[in-house]
Every structure is written in C-alpha cells, then in structure tokens.
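Colleague: would you be able to build a 3D model of this:
(2 chains)
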Protein chains: 2
Amino acid sequence: MAKSMTLLWGAGSPPCWRVMITLEEKKLQGYKHKLLSFEKEDHKSQEVLQINPRGQLPAFKHGDDIINESVGACLYLENQFKSQGNKLIPDSPPQQALMYQRMMEGLTLTEKLNLVVFYDLYAPEGERHDSAVKRNKDNLVAELQRWEGYLENVAAGSYLAGAFSLADVVAFPNIAYPFRYGLSIGRYPKLAKYYSLLKDRPSIKTTWPPQWYQIAQRSEILKDL
Amino acid sequence: MAKSMTLLWGAGSPPCWRVMITLEEKKLQGYKHKLLSFEKEDHKSQEVLQINPRGQLPAFKHGDDIINESVGACLYLENQFKSQGNKLIPDSPPQQALMYQRMMEGLTLTEKLNLVVFYDLYAPEGERHDSAVKRNKDNLVAELQRWEGYLENVAAGSYLAGAFSLADVVAFPNIAYPFRYGLSIGRYPKLAKYYSLLKDRPSIKTTWPPQWYQIAQRSEILKDL
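Modeller: Purely as a prediction, here's the structure:
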C-alpha cells in the first residue's frame, strides 16, 4: 500500500511533519519520499506543481489520488486505513468532539506562530510596524497560554484528547517549534511536559526534522514570550 | 437527538452557516438555536464564552460535548450520524481524497476573502497600505480563478467532489459571499453556475442568512475583481 504513495516534503514544515507522523502511526512505512529545500524554492518546481498546483509542501499522492492539505491528508489516511496501526480518531462522542476541536484549533496555533516567526514574509518592507509585531506577539502569548490551559487537566502521560490522536498530530509540530525558537520552559511548564512526552514517541522521533539535529536551537526569537 | 444540541450563531457568518447546513443535511432539525449580533458584540458575552472561550461564533454543543470549530463540527456531525440524512464524506478513495482536499482548501478561500473584506479589521489605522490592499485583492483573484478552474470539469448539476459533500458545505458560504459583495458573474461563470445550483438546495435555502433577504447586496467591494 505504502509503495504507491509519494510525499515531497520540506524539513521542519509542520504541515509536512503532520503527514509523516500519520504515515508512521498507520504503519505505512516504505512510501516514496523526497526532501526538498524551501531555500532553493524547490516548492515552486515543476515536480511539485504537478502534484500541488499551489506550489506548497507537502505534495502527497496515493496512487493517482492527490491530497496536499495536511489535515485533509491525515483524515484521509486515518479513514482509508482505519484498522491498520494506531486509531487516530476516537469513537466516543465526548472524546471525538474534543479531538476535532483541538485538531482544528491546531491550525489557529500555526497561524499565530507564523505571524510572529515569518512576519517579514507576510509584511514586505515598507509595510512593517512595531505595533503589528507587538500585537502578533501578544496574540501568540494568549494562544500559547490557552494551550497551556488545555493541558492543565490532562492526566500524566496523556494527550490532547485522551489517547494519542489527530489532535496531537496536528498540534504537536506547532508546539515543538516554539521551543526550538527559545520558548521558556519555566513559563509554559505544561507545554514543556507535553513536548517532552511526545518527542520520544516513535512516530515523532523517526520523523524529527533532520536539520534540527544539526542546529539544536534555531534562534531565540520567542525567548521573551 | 437534535433537541440536546445548542447553536449560538451570527447571521451570514460562513463558519456558522457551515454547521447549520450540516445539521439540515443530517436531518437534525429541532436543535436549540439563538441568533446573536456581531455588531452588538454578543459573541463576547458570557453566554457565548461559556461554550466558546475564544468568544467566537458558532458556539455549538451536543449534550455536554462542545465543538465550536466549524469544520470540526461538520466532521463530528457526519461521523456521529453516518446513516442519518445525506452522506457527506464519500467512501471511494479518489472522491474522498478530493473531498478532503477541497474541504480544507475552503479555509484558504475564507482567509483570502476575509483579508479583502475585513482589511480594516486586520490592519488598524496607521498600519494600512495601498500596496497591501492591492496584494490582498490580487491574491483573492488568483484564489477565485483557482476555484473557477476546479469547477471547469465538473459535470452539469455536479458538486466539488462528486455528490454533495463536506467540501461544498465548507466552501459554499465563501462562494456565496463574493457574489453578495458584487463579484462579476461574467468573469466567474463557473462559480456563478455553482452558486446558482446550490442556492436552492433545501439545506442551504432553509439556512440562508436572514438579513440577506432584506438587503439584496451588501456592497460592491468585489465588483472589479
């Protein structure tokens, strides 16, 4: 099954990482994959555009079926391989509601994080304002505190919605990122504990962004948050 | 079943509308609901915050289970009521992949539309730039042309991913909006045809934003796109 799958990915990209974690959880090892470089603009190459006309990574296909949107790909893989590997969508209504809630909120976390880390990309020179930088940071702090609160009542060794689920698959890369950018373990102890619990999970360890091993911490841009 | 559901909503809000369409499609009429006013800041009231701590609409619960994220709520309702009403996630792998792809891309359409229509909300006074307004409009045009292309090969009377599905539920409100804001039927004929096909579908007609009947067209902000 996995042999008919192709993934073009960029290292450290949370959307790519989500798909890779899901493939591991569903025991779909052996898929074809190719690491591309955002710096070299590989994501705008013909090879990518043929699968993902938006020129974004991941570019993912299963046979002839294309599903590039990361959350969509995770939902597709879970649905197509329900009884294989780990079950990533709980059946019980309360846990399922919570799972979908946190899974989709994970995209809000992505958005608020990106607005801080990639501000210069979103706001070209001549359109940048200190007031916007401050507001984006304040919004990210509020968002991270919200997630800190979500984990407040989580039992030791537990996940965002009971057992490990698509909520964790979607949110984790965007919780790992802030720590890589210097987020304070002291001010976000629950997030730090969650990060520490998940980083050794086999599906996550195996798919850890390769360049993160080379440079332990990219920058301290989030140190003061 | 539907009697144990509560929806707090705002008229015309695409996320609220998605949940309402899904409730109709799944034959879950009879849920408790309350129309709130964004203008009066009802979405920041205690009544909303108790269900949706983000102070956003929709605020939706099924018994004690809360699921406010619109795409999450649609997925939850489809999963919990699979055999009731219309099936909204196709089984066949190609159609399912396409369905999840378009469903999630629907959120990109929302984002690009909002950046044009609500620019003054995103960019406070003193941070506004004509160059950003132009870029946002260009991005929206490219996005709308992309969707026009998606519908190019759709058979007459057909939908985004075969039969009517969650892809249509998520995307339609953000296709209806541009036409309400003056989008040219001549320049986007496929989108116009799709809009015209769906607006009379019972689940959509029943949930049509009430104030849209009073004011046929809100503004012509998208007339030149």
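
Colleague: quick check: mean pLDDT across stretch A:201-212?
Modeller: Mean per-residue pLDDT for stretch A:201-212: 92.

Colleague: what do you get for stretch A:191-198?
Modeller: Computed over stretch A:191-198, the average pLDDT equals 93.

Colleague: next, the angle helix B:93-117 makes with the lengthiest helix in chain A.
Modeller: Assignment by DSSP state H gives helix A:93-117 as the longest helix of chain A. In terms of direction (axes from the mean of the first three to the mean of the last three Cα atoms, to 10 degrees), helix A:93-117 departs from helix B:93-117 by 50 degrees.

Colleague: which other residues reach whichever helix or strand comes after helix A:93-117?
Modeller: Downstream of helix A:93-117, the next assigned helix or strand under DSSP states H and E is helix A:119-122. Helix A:119-122 is touched from outside by A:Asn114, A:Leu115, A:Arg128, A:Ala132, A:Val133, A:Asn136, with contacts defined as Cβ atoms under 8 Å, 6 or more residues apart in numbering or on different chains. (Each C-beta comes from the backbone N, C-alpha and C, glycine too.)

Colleague: same question for stretch A:2-15.
Modeller: A:16, A:19-20, A:23, A:28-38, A:42-43, A:47-48, A:51-52, A:56-63, A:70, A:110, A:173-174, A:177, A:209-212.

Colleague: go with 7 Å
Modeller: With contact meaning Cβ atoms under 7 Å, 6 or more residues apart in numbering or on different chains, stretch A:2-15 is reached by A:16, A:19-20, A:28-36, A:38, A:43, A:47-48, A:51, A:57-63, A:70, A:110, A:173-174, A:177, A:209-212.

Colleague: do the same with stretch A:95-102
Modeller: A:89-90, A:150, A:160-162, A:165-167, A:171, B:62, B:65-69, B:72, B:75-76, B:79.

Colleague: which PyMOL command selects the buried ones in those residues?
Modeller: PyMOL command restricting these to the buried ones, with burial defined by 16 or more other Cβ atoms under 10 Å in any protein chain shown:
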select buried, (chain A and resi 89+90+150+160+161+162+165+166+167+171) or (chain B and resi 62+65+66+67+68+69+72+75+76+79)
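
Colleague: filter the contacts of helix A:119-122 to the buried ones?
Modeller: For those, buried by 16+ other Cβ under 10 Å: A:Asn114, A:Leu115, A:Ala132, A:Asn136.

Colleague: ok, and which of the residues you listed reach chain B?
Modeller: Near chain B, taking Cβ under 7 Å from any Cβ of the partner chain as the test, the members of these found are A:Ala132.

Colleague: now for the buried ones among the contacts of helix A:119-122: which two are most distant?
Modeller: Pairwise distances among the buried ones among the contacts of helix A:119-122 were taken by Cβ to Cβ; the largest, 13.6 Å, belongs to A:Asn114 and A:Ala132.

Colleague: so which residues on chain A come close to chain B?
Modeller: A:62, A:65-69, A:71-72, A:75-76, A:79-80, A:93-94, A:96-97, A:100-101, A:103-105, A:127, A:129, A:131-132.

Colleague: go ahead and confirm A:Gly85 touches A:Leu23.
Modeller: No: with contact defined as Cβ atoms under 7 Å, A:Gly85 does not reach A:Leu23; the gap is 9.2 Å.

Colleague: and those two? which has more neighbours close in?
Modeller: The residue with more neighbours, out of A:Gly85 and A:Leu23, is A:Leu23; 26 against 18, by other Cβ atoms under 10 Å in any protein chain shown.

Colleague: circling back to that earlier point, and the buried ones among the contacts of helix A:119-122 as CSV, adding distance to B:Lys3 and pLDDT?
Modeller: Conversion of the buried ones among the contacts of helix A:119-122 to CSV gives the following (distance: Cβ to Cβ, whole Å; pLDDT from 0 to 100):
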residue, distance to B:Lys3, pLDDT
A:Asn114, 41, 94
A:Leu115, 41, 94
A:Ala132, 46, 95
A:Asn136, 43, 96
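
Colleague: out of the buried ones among the contacts of helix A:119-122, flag the one nearest to chain B.
Modeller: Ranked by distance to chain B (Cβ to the nearest Cβ), the buried ones among the contacts of helix A:119-122 are led by A:Ala132 at 5.7 Å.

Colleague: could you pull up phi and psi at A:Lys34?
Modeller: The phi/psi pair for A:Lys34 (degrees, to the nearest 10) reads phi -140, psi 130.

Colleague: please consider this matter closed, and thank you.
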